[in-house]
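1. need coordinates for the below:
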Amino acid sequence: MSEQNKKFLIYLTSYLGVALIGGSIVHVGTLDAHSTRYIVLGVIGLVLMVIGSILEAQIEREQLNMKYFAIVSTLAIATGFLSGGIQHYLDNPVYAGYLLAIGLVVAYVAFAHKYHFGITAQGLLTVIVLGLVLILVSNTVLHEVIPHEVGGGHQH
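-> Residues are numbered from 1 along each chain as shown. Predicted coordinates for the structure are as follows:
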């Protein structure tokens with residue numbers, strides 16, 4: 001396989017994987033009738049993300065081990081929390097606020113581990129406080145102001 005095709009495959013599997021994870025995470029919590037479907041799509045997304053990560057690790061000559069898979073899987077799921085929370089914020093700001101807060105903190109920590117950045121107490125505290133503010137605002141001010149439907153505002 002050519003280097004260009006391999007990079008395209010990495011792009012496709014990684015981003016499609018995160019998109020499927022994001023959609024499944026938000027829909028499991030908002031569309032009760034089809035939860036199994038979204039769990040299956042989330043697993044497919046995670047498998048695609050892992051395949052993309054394996055290919056990327058081969059190009060970057062990173063060591064493949066359980067720690068690596070745990071980090072990239074955690075990063076993919078956290079990104080899914082962020083993506084799903086943003087996409088469906090207006091449908092259910094309370095649920096989305098929690099998704100965004102959790103996704104932000106977990107993504108920060110996983111990203112730091114993947115790219116070997118040191119996590120400072122100040123940086124972690126900043127991200128946690130920002131997450132708490134998102135939860136507070138989503139549960140109070142925006143929950144009362146934004147018209148929304150509990151259970152999801154769109155039909156699939």
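2. and Q63, what element?
-> Counting by DSSP states H and E, no helix or strand carries Q63.
3. residues touching it, list them.
-> For Q63, the contact set (C-beta atoms under 8 Å, 6 or more residues apart in numbering) comprises A57. C-beta here means a position set from N, CA and C on the backbone, and glycine is covered the same way.
4. where's it relative to I54, distance?
-> According to C-beta to C-beta, to the nearest Å, Q63 stands 12 Å off from I54.
5. one more: H27?
-> According to C-beta to C-beta, H27 and I54 sit 27 Å apart.
6. more neighbours, those two?
-> Under the criterion of other C-beta atoms under 10 Å, the comparison of H27 against I54 puts H27 first, with 22 against 16.
7. so the more buried one makes contact with Y38?
-> Yes: the criterion here is C-beta atoms under 8 Å, and H27 meets it with Y38 at 4.4 Å.
8. buried set for stretch 50-59?
-> Residues of stretch 50-59 classed as buried by neighbour count (16 or more other C-beta atoms under 10 Å): 50-57.
9. where does pLDDT dip in this structure?
-> For the chain, the stretches flagged by pLDDT under 70 are 29-34, 142-156.
10. can you show me the helices along it?
-> Secondary structure of the chain by DSSP state H: the helices cover 3-30, 35-60, 66-87, 93-114, 121-139, 141-145.
11. what about I86, neighbour count?
-> Residues within reach of I86, counting by other C-beta under 10 Å, total 15.
12. check the gap between it and A101 for me.
-> The gap separating I86 from A101 is 12 Å, by C-beta to C-beta.
13. same check, this time on Y95
-> From Y95 across to A101, the span is 11 Å (C-beta to C-beta).
14. ok, now L130?
-> 8 Å.
15. likewise for L46?
-> Here L46 is placed at a distance of 21 Å from A101 (C-beta to C-beta).
16. those two: which is more packed in?
-> Between L46 and A101, counted using other C-beta under 10 Å, A101 has the larger neighbour count: 23 against 20.
17. show me what contacts that one?
-> By C-beta under 8 Å, 6+ apart, the neighbours of A101 are 130-132, 134-135.
18. run a quick neighbour tally on the residue lying closest to it once chain neighbours are set aside.
-> Excluding its sequence neighbours, the residue lying closest to A101 (C-beta to C-beta, 6 or more residues apart in numbering) is G131, at 3.3 Å. Look at G131: counted by other C-beta under 10 Å, it has 20 neighbours.
19. what sits against G131?
-> 100-102, 104-105.
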